[in-house]
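Novice: Predicted coordinates and the sequence they were generated for:
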Amino acid sequence: MPRLSRYFLRASLLYMLLGFTVGSLILMQKAIAFAPSLWAWLPVHVESVFIGWMTQFALGIAFWILPRLGPTRPRGNEIWSWGTFLLLNAGIWIGWIPVKGAAFLGRLMESMAILLFFLGNWPRLYPSPWARNSPRNAKNTNASVHQDSSVN
């Protein structure tokens, strides 16, 4: 598993722990009124669970499992995905700040992070045209045609 995937997954598990802890405290507050100020932590709970835990977990697994490009740089330019990791976490933390406009800035950073991940990993789904016409791919397609023709 690549190092970046491990970072995504470890961060997601930390956010899960934080989100579940804050959520359980809010739920206990709902049953037994002991600290009404806990409701102010609801945005931290929601952000931790949905963006911190679920989104980062999905991105970490996607980075690990998407097809590799080749032996020299199997995951392409990883700077895009590292930028995703940093921007996503910064957006989560900024979104927690109880200042007007901070939530918008945090969501904007999170959206940019998803866009970075998309742009950086798109070539792994659809290789460039010159990669499709490489001699290696041509050899493989000829072999598969030859095998198919021998079956008939």
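Specialist: Looks like it arrived, so ask away.
Novice: biggest helix in the protein by residues?
Specialist: Identified as the longest helix of the chain according to DSSP state H is helix 3-31.
Novice: Beyond it, next helix or strand please.
Specialist: helix 42-47 (DSSP states H and E).
Novice: List the single closest residue to Gly63 in space, sequence neighbours excluded.
Specialist: That one is not Gly; residue 63 is Phe. Spatial nearest neighbour of Phe63, excluding adjacent residues (Cβ to Cβ, 6 or more residues apart in numbering): Ser5 at 5.1 Å. Using the backbone N, CA and C atoms, a C-beta is placed for each residue, glycine as well.
Novice: thought that neighbour was touching Ala58?
Specialist: No. Taking contacts as Cβ atoms under 8 Å, Ser5 lies outside contact range of Ala58: 11.2 Å.
Novice: Looking at these two, which is more packed in?
Specialist: Taking neighbours as other Cβ atoms under 10 Å, Ser5 and Ala58 compare with Ser5 leading, 19 against 13.
Novice: ok, the residue nearest to Phe63 - contacts?
Specialist: Contacts were defined as Cβ atoms under 8 Å, 6 or more residues apart in numbering; by that measure Ser5 touches Gly60, Ile61, Phe63, Trp64.
Novice: at 7 Å instead, please
Specialist: By Cβ atoms under 7 Å, 6 or more residues apart in numbering, the residues touching Ser5 are Gly60, Phe63, Trp64.
Novice: Which PyMOL command selects the buried ones in those?
Specialist: What follows is the PyMOL syntax selecting those of the contacts of Ser5 that are buried according to 16 or more other Cβ atoms under 10 Å:
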select buried, resi 60+63
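Novice: okay if I get the contacts of Ser5 as JSON lines plus pLDDT and distance to Leu87?
Specialist: Output for the contacts of Ser5, formatted as JSON lines (pLDDT from 0 to 100; distance: Cβ to Cβ, whole Å):
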{"residue": "Gly60", "pLDDT": "93", "distance to Leu87": "15"}
{"residue": "Phe63", "pLDDT": "88", "distance to Leu87": "15"}
{"residue": "Trp64", "pLDDT": "88", "distance to Leu87": "19"}
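Novice: just checking, which of the contacts of Ser5 belong to helices?
Specialist: Within the contacts of Ser5, residues falling in helices by DSSP H are Gly60, Phe63, Trp64.
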